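Trainee: This is a predicted model, with the sequence first.
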Amino acid sequence: MSSSTIPGAIAAVAFFQLVTTGTLDTIINGFFDLAIPSQIAILAILFATIFLAVSISQFVEPNGGDHDDHDHKPPKFIQYPLDKMSSSNSDKEKFMTIYPMIRGEMLSHMTTNEMPQSAVEWCKTMMDYTVPGGKLNRGLTVVAVHRTLTQSKHNRDLTDTEIARASVLGWAIEFLQAFFLVADDVMDASKTRRGQPCWYQNEHVKLIAINDSFLLESYVFTMIKQHFGHEEYYLQLVELFIQVIQQTEFGQLLDLTSQDENVVDLEKFTLERYQKIVKYKTAFYTFYLPVAIGMITSGVKDKTAFDLARTICCQMGEYFQIQDDYLDCFGDPEVIGKVGTDIQDNKCSWLVVQALDRVTKEERTILEENYGQWDDSKVAKVKALYKKLDLEGVFKSYEEESYKIIQTELDKVTLMPRDVFELLLKKIYKRSK
């Protein structure tokens, strides 16, 4: 007999005993012989007792569940591909086994919401084109952080089920990344992404890509609810994603409003504005989000730990974006997977900010006349100026100095394993793509 049927059985037996012995009649007659205030008092006690019992039941887990155990089992209807995961040799291979499951769940969700097969097939193609083709660093970081914290707290590795559940949240970030990139490519009129034409550049897509980006964002919350809606930290996860999405969109606003297709206003390209763009557009969702997710699902409660993680992740995010700006100009498109267009897009890039801090009056004129224009000869003049100013050397010096600063900050980490941040830094230090 299940625990949920025991109270009903006890009540039935008790009621039967009261009826067969005549005790129930005695209780009823005695109740109505009482004064009305006394009757009301008894009923109030009865209803209060029932209400209290129901309230307590909300906090009692069946089978003696342990509230300190954050490795809750997923709902029974979710079947993770554990067989495929067990035969995988790396976290990335295991991570990839989860994608078909997530994609299938999103497509089933569409079918449940009366979407025709043509719409379902469109989204299947769209997801495959835009989501899994990147380096997957953000998603894999969720798994890595969860593992590091579990090893520190419980002195053990993750089970395949734990890896699967962490991977779901990792894919939530990858879907979020796809949402940002699909929309960003339209806004920037970019040509390629991850070694192929941007999604909107496909003839059958065009501006439908804008709605597709909205769908990718909505899938994030669908998968979180399906897999973690029963968890005590579900609301914390949702609020984290909402906050980071808004912060990233703030950063995108600062980025877009610092540029104009028809007017090049170099006065907007200040270091202060650049740092705010980087912090909000890149650092929060690329670094803080995967770390915070791992902390939440691993049971970290200390607000100071989250504040410290945010500070360090924002420092890493600035370093990462400056690398990105450098690679956009000086990187090999075959290696980085895209053709850099920051100069043509009139971007508030770290390179132009550094150039403006070093140019003569004549050199500034070169920037004013050539920056922010889709003309290969003018782009070449800007790049030539960057080389003349030795911005490659400036970047390499910055890279070394930034690494030392981050290491100094890591020395202050005491509330959680330093390895959580070391694994991030190791991935981005002196990267080439």
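Mentor: Alright, I've got the coordinates. Residues are numbered from 1 along each chain as shown.

Trainee: Nearest residue to the middle of this protein?
Mentor: The central residue of the chain, meaning the one whose C-alpha is nearest the mean C-alpha position (C-alpha atoms, centre = their mean), is I173 at 3.7 Å.

Trainee: Identify the spatial nearest neighbour of that one, chain neighbours not counted.
Mentor: Nearest non-adjacent residue to I173, counting by C-beta to C-beta, 6 or more residues apart in numbering: R138, 4.6 Å away. Yep, even glycine has a C-beta here, placed from its N, CA and C like the rest.

Trainee: how near is the one you found to N370?
Mentor: Separation of R138 from N370 (C-beta to C-beta, to the nearest Å): 35 Å.

Trainee: Please apply the same query to K430.
Mentor: The value you get for K430 to N370, if C-beta to C-beta is used, is 30 Å.

Trainee: Neighbour count: the two, which is higher?
Mentor: The residue with more neighbours, out of K430 and N370 and counting by other C-beta atoms under 10 Å, is N370; that gives 20 against 9.

Trainee: Hmm, the more buried one is touching K381, no?
Mentor: Yes. Taking C-beta atoms under 8 Å as the contact criterion, N370 and K381 are neighbours in contact, 4.6 Å apart.

Trainee: where exactly do the strands run in the protein?
Mentor: Taking DSSP state E to define them, one finds strands in the chain at 192-193, 196-197.

Trainee: Would you format these as a markdown table with mean neighbour count included?
Mentor: Conversion of the strands of the chain to a markdown table gives the following (neighbours: other C-beta atoms under 10 Å):
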| stretch | mean neighbour count |
| --- | --- |
| strand 192-193 | 19 |
| strand 196-197 | 14 |
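
Trainee: Out of the ones you listed, which is closest to H227?
Mentor: Smallest distance to H227 across those (C-beta to C-beta): 27.8 Å, for strand 192-193.

Trainee: Please work out which residues outside the closest one touch it.
Mentor: Contacts of strand 192-193 from elsewhere in the structure, counted by C-beta atoms under 8 Å, 6 or more residues apart in numbering, are L181, D185, C198, W199, P333, G337, K338, V339.

Trainee: ok, that strand: who's next to it in the sheet?
Mentor: Note on strand 192-193: by DSSP bridges, its sheet partners are strand 196-197 (antiparallel).

Trainee: Give me the mean pLDDT for the strand it pairs with.
Mentor: Per-residue pLDDT values across strand 196-197 average out to 94.

Trainee: and what of stretch 150-163?
Mentor: 91.

Trainee: How far does that stretch sit from its chain's centre?
Mentor: Computed by C-alpha atoms, centre = their mean, to the nearest Å, the separation of stretch 150-163 from the middle of its chain amounts to 21 Å.

Trainee: buried sites along it?
Mentor: By neighbour count, with 16 or more other C-beta atoms under 10 Å as the criterion, the buried positions of stretch 150-163 are T150, L158, D160, E162, I163.

Trainee: what do you get for stretch 360-376?
Mentor: Along stretch 360-376, these residues count as buried under the neighbour rule (16+ other C-beta under 10 Å): I366, L367, N370, Y371, G372, Q373.

Trainee: and the fourth one, what is it in contact with?
Mentor: Just to be clear, that refers to Y371. With contact set as C-beta under 8 Å, 6+ apart, Y371 has these partners: V264, L266, I343, N346, V352, K378, V382.
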